[in-house]
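Student: Prediction below, plus the sequence it came from.
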Amino acid sequence: MRMMGLDVGSKTIGVAISDELGLTAQGLKIIQRKAMEDDFKELCTIISQFMIEKIIVGLPINLDGTLGRQADTILEWINRFKDRTSIPVETWDERFSTVQASRTLLEADLSRKKRKKVIDKLAAVLILQGYLDQARRRDDGFTASA
């Protein structure tokens, strides 16, 4: 099953897709946000092109586990996106994905300008890979606490 991971921000949407076996996530692109309908149209094109069967959207949960204003914005975006597609959409706790992506890019010694161009795509990869890893552990009979 091929899945798509999304890091939805106010200016960009980082997009990652899994391989067909659902084992690994690869960065695909960064969508520069325009009108919401344009964003949805571009995402629907990707869904069709790669035969996506499930979408995982990063949900920015507060450090204390509560949902804040940004999470509410993302949930509203998801509800509007669900009106455009019949594909299942799930959320994934992404509270550290951008921080982890930034740290990874710093360790790779990329300039600030280059980091800015790829950070959202890498965050989408981390969101999707986290989801894939947990799903695989669940399928193997393990839990995150095991």
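Tutor: Received the coordinates, thanks.

Student: quick one, strands of this protein?
Tutor: For the chain, applying DSSP state E gives strands covering 3-8, 12-18, 25-32, 54-59, 89-93.

Student: quick one, which of those is packed in tightest?
Tutor: strand 3-8 (a mean of 27; mean count of other CB atoms under 10 Å). All C-beta spots, glycine's among them, are computed from the backbone N, C-alpha and C.

Student: about what we covered before: Serialize the strands of the chain to TSV and add fields for mean pLDDT and distance to residue 134.
Tutor: Formatted as TSV, the strands of the chain follow (pLDDT from 0 to 100; distance: least, CB to CB, whole Å):
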stretch	mean pLDDT	distance to residue 134
strand 3-8	97	12
strand 12-18	97	13
strand 25-32	96	12
strand 54-59	97	10
strand 89-93	95	8
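
Student: JSON lines please, covering those and showing distance to residue 120.
Tutor: Converted to JSON lines, these look like this (distance: least, CB to CB, whole Å):
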{"stretch": "strand 3-8", "distance to residue 120": "5"}
{"stretch": "strand 12-18", "distance to residue 120": "3"}
{"stretch": "strand 25-32", "distance to residue 120": "5"}
{"stretch": "strand 54-59", "distance to residue 120": "10"}
{"stretch": "strand 89-93", "distance to residue 120": "15"}
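
Student: need the longest helix for this protein.
Tutor: Taking DSSP state H as the criterion, the chain has its longest helix at helix 112-139.

Student: Just name the shakiest helix or strand of the chain by mean pLDDT.
Tutor: helix 97-107 (a mean of 63; mean pLDDT, DSSP states H and E).

Student: and the nearest residue to residue 1 once chain neighbours are set aside, backbone torsions?
Tutor: Using CB to CB, 6 or more residues apart in numbering and skipping the chain neighbours, the partner closest in space to residue 1 is residue 53 (4.7 Å). Backbone torsions for residue 53, taken as degrees, to the nearest 10, come to phi -110, psi -10.
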